[in-house]
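**Q** My questions are about this predicted structure, shown below with the sequence.
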Amino acid sequence: MIAILASLSASAAGGLRIALPLLVIGFARSMSLWDDVPLLSRIHPQVLIGILVSWTLCELFLSKNLLGQRIQQTIQIIFSPLAGGILGSTVALNFGLQPWPAIALGCVGGALALLIQLVQTGWVFRLQGLPIWFNLAEDVLCISLVLLAFDAPTQGGIIALMLLWLALRSSTAWRQWYVEQSSNRGADPRSGKSAPD
C-alpha cells in the first residue's frame, strides 16, 4: 500500500510539471542519478541534465503570459502521461516491487498525470490564464510531491488523492456551468460564441 501511495505522489507531480520532477528525482537519488529510471537510464546523464534543465527553464518562462501558458499546456498534455508513468514506475521499483506491478502502477500514474494536466488546462482556458502566484505554488507542490514519495509516501499519496478529488470536482463544476449556459441560450450552449469556453 505504501508503494502505491508513493507512486501516486510522484505521478501527480508529473501532472503538474514534466521536466522539474524528473530533474528532482534524479538528484534525490544521490549519486545514481537516473540509472534506475526507466527510459531515462538510456540517455547519457550530461545530455539528460541539459535537456531537463532547459525544459524546466522553458516551463518557468512560458508560464508568465497567456500565450506561453497555452503553448506550455499543449506540450504538457502530450508528455505528462509519459512523465507520470516514468515517475510512478521508478518509485514503485524503488520500493522493491516486481517489474510488472511497477509497470501497472506506471500506467495508473500516467493516467493520473494526464487527468491533472487536463484539469489544469481547462482552468487556463476558463480563467484566461493562471496568476503567477499559482504557478509558483504549483512548482513548490511539484517538488514536494516528489520528495514526499521517498520520505513520507503516505502524506504524498494523500495529497495526490486530494488532487484527484479536486480534478473530479472541477469537472463537475464545469459541467454544471455549461448546462446552466444551455438553459439560458436554448438548445445550443455554443450559439453566439466565437472563443472557446
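**A** Received it, and whenever you're ready, just let me know what you need. Residues are numbered from 1 along each chain as shown.
**Q** Tell me, what's the model's pLDDT at the closest residue in space to residue 114 that isn't next to it in sequence?
**A** Nearest non-adjacent residue to residue 114, counting by C-beta to C-beta, 6 or more residues apart in numbering: residue 81, 4.5 Å away. C-beta here means a position set from N, CA and C on the backbone, and glycine is covered the same way. Note on residue 81: pLDDT of 93.
**Q** Equivalent analysis for residue 18, please.
**A** 90.
**Q** Equivalent analysis for residue 193, please.
**A** On the pLDDT scale, residue 193 is placed at 58.
**Q** How about residue 75?
**A** 88.
**Q** For it, give me its contacts.
**A** With contacts defined as C-beta atoms under 8 Å, 6 or more residues apart in numbering, residue 75 is in contact with residue 18.
**Q** With residue 116 as the reference, measure out to the residue nearest to residue 114.
**A** Look at residue 81 and residue 116: by C-beta to C-beta, to the nearest Å, they are 11 Å apart.
**Q** what's the distance between the closest residue to residue 145 other than its chain neighbours and residue 52?
**A** Take residue 145 and drop its neighbours on the chain: the residue closest to it by C-beta to C-beta, 6+ apart is residue 13, 3.9 Å away. From residue 13 across to residue 52, the span is 14 Å (C-beta to C-beta).
**Q** who's more crowded, these two?
**A** residue 13 (35 against 22; other C-beta atoms under 10 Å).
**Q** pull the longest helix from this protein.
**A** Ranked by number of residues, the top helix in the chain under DSSP state H is helix 153-185.
**Q** Who are the packing partners of the strand or helix carrying residue 134?
**A** Using DSSP states H and E, residue 134 maps to helix 132-151. Contacts defined by 3 or more C-beta pairs under 8 Å, 6 or more residues apart in numbering; DSSP states H and E place helix 132-151 against helix 2-16, helix 19-27, helix 66-94, helix 153-185.
**Q** And that helix, what's buried?
**A** For helix 132-151, burial by neighbour count (16 or more other C-beta atoms under 10 Å) applies to 135, 138-139, 141-150.
**Q** Need the CA coordinates for that helix. PDB is fine.
**A** Presented in PDB, the C-alpha positions along helix 132-151 are these (Å, rounded to 0.1, in the frame of the first residue of the first chain):
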ATOM      1  CA  ILE A 132       2.000  33.900 -11.300                       C
ATOM      2  CA  TRP A 133       1.500  33.000  -7.600                       C
ATOM      3  CA  PHE A 134      -0.400  29.900  -8.700                       C
ATOM      4  CA  ASN A 135       2.500  28.800 -11.000                       C
ATOM      5  CA  LEU A 136       5.000  29.300  -8.100                       C
ATOM      6  CA  ALA A 137       2.800  27.300  -5.700                       C
ATOM      7  CA  GLU A 138       2.500  24.600  -8.400                       C
ATOM      8  CA  ASP A 139       6.300  24.400  -8.600                       C
ATOM      9  CA  VAL A 140       6.600  24.100  -4.800                       C
ATOM     10  CA  LEU A 141       3.900  21.400  -4.700                       C
ATOM     11  CA  CYS A 142       5.500  19.500  -7.600                       C
ATOM     12  CA  ILE A 143       8.900  19.400  -5.800                       C
ATOM     13  CA  SER A 144       7.200  18.500  -2.500                       C
ATOM     14  CA  LEU A 145       5.300  15.600  -4.100                       C
ATOM     15  CA  VAL A 146       8.500  14.000  -5.500                       C
ATOM     16  CA  LEU A 147      10.400  14.400  -2.200                       C
ATOM     17  CA  LEU A 148       7.400  13.100  -0.200                       C
ATOM     18  CA  ALA A 149       7.200  10.000  -2.500                       C
ATOM     19  CA  PHE A 150      10.500   8.900  -0.900                       C
ATOM     20  CA  ASP A 151      10.500  10.400   2.600                       C
END
